[in-house]
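**Student:** Fold the stuff below for me.
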Amino acid sequence: MKEKRRTWIKLFFIMAVIGLFMSVKVEAGGELGSNLKCTFENGTLIIESDYIEKTSIPDDFSVWSSYEGRVTSVIITDSIDSIGDNSFSGCTTLKNVQISNSVRSIGMSAFADCTNLESITIPGSVKFIENEAFENCTKLKKVNFTEGLKGIGDNVFIDCSSLKSITIPESVVYIGASLFESDNLNSVIISNNRILTIDDEAFSFCPNLTIYSNLGSYAQGYAKEKNIPFKVIGEKDHNYKLIVQKANATTSSNGSVRKVCSFCESEEVATIYAPKSINLSKNTVSYTGKAIKPIITVVDKSNKTVDSSNYSVQYQNNTKVGTATVTVVFKGDKYTGSLKKTFKIVKAKPVIKVKTTSRTFKVSDLKKKSSKFFYWC
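**Tutor:** Residues are numbered from 1 along each chain as shown. Presented below is the predicted three-dimensional model:
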């Protein structure tokens, strides 16, 4: 009896060790079924297959949840051919996804509620995106489609409140219901003239939307029927927002002015060069008994003069012989920080003043004076 008990204890211990080993293996790499393999490193989950043929990420795939909110990036390799329903739904820490050009479909709610996902690129191999695939991805700002996609299901981008503009590729022939529902969506560009179906409710509850397409296109007729503003591609309005990063004189760091269009997301960037140096009209000035203020100019890193409206000038120790300091403090929308420069105040050299007088004499006057003598006997 005791021997049997020892045997059971040994078996239990062995099974516990095996279980611990397997849990560690899943953490480090991990086999998922017979084909699918998952590797996790530095916040990135890499999904691949060891099998000769391509395989799919299954529905309700939940391996990412084993990493306790540490998955920020997912790489789906070229050994994967489809992404199952709800595969990453609710992965709120996910920010970046790389989908290889082998994936043919993205399942229903595959990335729904990934509230930190900021951008997604759909490769041309994907033919259809199922319903609610990116529902409630509230930080999703950019969707890049590659030619090849044929259809977009219902509610795919519903409640993606950060998405302002999207371009539907020319290959798409079907757009499902309630593709978006957002006050922030400004523009949808549809370049396919022969698109077959746009659901009646595709753009419901998008009050600020303008559809852009070609003259005579299906999209133009659809926009007219649904009373949605329409514009021809190429006549696209721009609504620019200026984003200014000030140049810092103290750290000599350049700034920038970014002009970003909220419709098409085009961007123009101009450099604000940091102020580099102060030039003085005189570096050495004689003491006068009054405050001395040399004329200054400020030059930036491109050797151009900075307008004086962008700074104020302060002087220190400029009323006596010695070293005085000029401080330029920058202000306004373009610049911040300050620059300093010193100049010398020296003793004034003594000035000797000579007063001269002049008299003129006539020769005749001298003769008259010289003819008058007095003699004493």
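
**Student:** Chain neighbours aside, what residue packs nearest to V306?
**Tutor:** Here the nearest residue to V306 in space, its sequence neighbours aside, is V298; by C-beta to C-beta, 6 or more residues apart in numbering that works out to 4.2 Å. All C-beta spots, glycine's among them, are computed from the backbone N, C-alpha and C.

**Student:** Report the beta-bridge partner residues of that neighbour.
**Tutor:** In this structure, V298 has the following beta-bridge partners (DSSP bridges): I278.

**Student:** any idea how far it lies from A247?
**Tutor:** 12 Å (C-beta to C-beta, to the nearest Å).

**Student:** Overlap in contacts, the two.
**Tutor:** Here V298 and A247 have P275 as joint contacts, going by C-beta atoms under 8 Å, 6 or more residues apart in numbering.

**Student:** what sits against Y212?
**Tutor:** 187-190, 230-233, 236.

**Student:** So for those, which is the shakiest by pLDDT?
**Tutor:** Summarising pLDDT for those: the lowest-scoring member is K236, with 56.

**Student:** Quick one: buried ones out of the contacts of Y212?
**Tutor:** Among the contacts of Y212, those scoring as buried are 187-190, 230-231, 236 (criterion: 16 or more other C-beta atoms under 10 Å).

**Student:** Would you check which pair of those residues lies furthest apart?
**Tutor:** Distances among these were taken as C-beta to C-beta; the most separated pair is I190 and K236, at 12.7 Å.

**Student:** Give me the below-cutoff pLDDT ranges for the stretch 201-350 of the chain.
**Tutor:** Across the stretch 201-350 of the chain, residues meeting the criterion (pLDDT under 70) sit at 235-238, 262-266.

**Student:** what do you get if the cut-off is 90, keeping everything else the same?
**Tutor:** For the stretch 201-350 of the chain, applying pLDDT under 90 flags the ranges 204-205, 214-217, 231-242, 259-269, 288-289, 348-350.

**Student:** one step back: now, the most widely separated pair of the contacts of Y212?
**Tutor:** Using C-beta to C-beta, the two most remote members of the contacts of Y212 are V188 and V232, lying 13.9 Å apart.

**Student:** Identify the residues contacting the residue lying closest to I295 once chain neighbours are set aside.
**Tutor:** Take I295 and drop its neighbours on the chain: the residue closest to it by C-beta to C-beta, 6+ apart is S281, 3.9 Å away. With contacts taken as C-beta under 8 Å, 6+ apart, S281 has the following neighbours: 294-296.

**Student:** Can you pull the phi/psi pair for S281?
**Tutor:** For S281, the backbone dihedrals are phi -60, psi -30 (criterion: degrees, to the nearest 10).

**Student:** which residues touch the strand or helix carrying T327?
**Tutor:** Secondary structure assignment for T327, by DSSP states H and E: strand 322-330. Judged by C-beta under 8 Å, 6+ apart, the contacts made with strand 322-330 from elsewhere in the structure are 249, 275, 278, 280, 292, 294, 296, 298, 310-318, 336-345.

**Student:** Please pick the buried ones from these.
**Tutor:** Among the contacts of strand 322-330, those scoring as buried are 249, 275, 278, 280, 292, 294, 296, 298, 310-311, 315, 318, 336-339, 341, 343, 345 (criterion: 16+ other C-beta under 10 Å).

**Student:** The residue nearest to S100 when sequence neighbours are not counted - how many residues pack around it?
**Tutor:** Distance criterion C-beta to C-beta, 6+ apart; nearest residue to S100, sequence neighbours excluded, is D78 at 4.1 Å. Taking other C-beta atoms under 10 Å as the neighbour definition, D78 ends up with a count of 15.

**Student:** E135 now?
**Tutor:** A count of neighbours around E135, defined by other C-beta under 10 Å, yields 23.

**Student:** Run a quick neighbour tally on N239.
**Tutor:** When counting by other C-beta under 10 Å, one arrives at 12 neighbours for N239.

**Student:** just D60 next, same as before
**Tutor:** By the measure other C-beta under 10 Å, the count of residues near D60 is 11.

**Student:** Would you agree it falls within a helix?
**Tutor:** No: with the criterion set as DSSP: H, G, I helix; E, B strand; the rest coil, the secondary structure at D60 is coil rather than a helix.

**Student:** ok, and the closest non-adjacent residue to it?
**Tutor:** Nearest to D60 is N86, by C-beta to C-beta, 6+ apart, at 5.0 Å.

**Student:** thought that neighbour was touching G107?
**Tutor:** Yes: here N86 lies in contact with G107, judged by C-beta atoms under 8 Å, at a distance of 7.3 Å.

**Student:** and for the two, which residues touch both?
**Tutor:** Jointly contacting N86 and G107 under the rule C-beta under 8 Å, 6+ apart are D59.

**Student:** name the helices or strands packed onto the helix or strand containing K224?
**Tutor:** Applying DSSP H and E as the criterion places K224 in helix 218-225. Here helix 218-225 touches strand 197-198, strand 210-213, strand 230-232, going by 3 or more C-beta pairs under 8 Å, 6 or more residues apart in numbering; DSSP states H and E.

**Student:** in that helix, what's buried?
**Tutor:** 218-220, 222-223.

**Student:** need those in TSV with distance to Y287, can you?
**Tutor:** Shown next, in TSV, are these (distance: C-beta to C-beta, whole Å):
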residue	distance to Y287
Y218	85
A219	80
Q220	80
Y222	83
A223	79
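
**Student:** Distance of the residue nearest to K241 when sequence neighbours are not counted relative to C206?
**Tutor:** Once its chain neighbours are removed from consideration, K241 has its nearest residue in V260; the separation is 5.4 Å (C-beta to C-beta, 6+ apart). According to C-beta to C-beta, V260 and C206 sit 21 Å apart.
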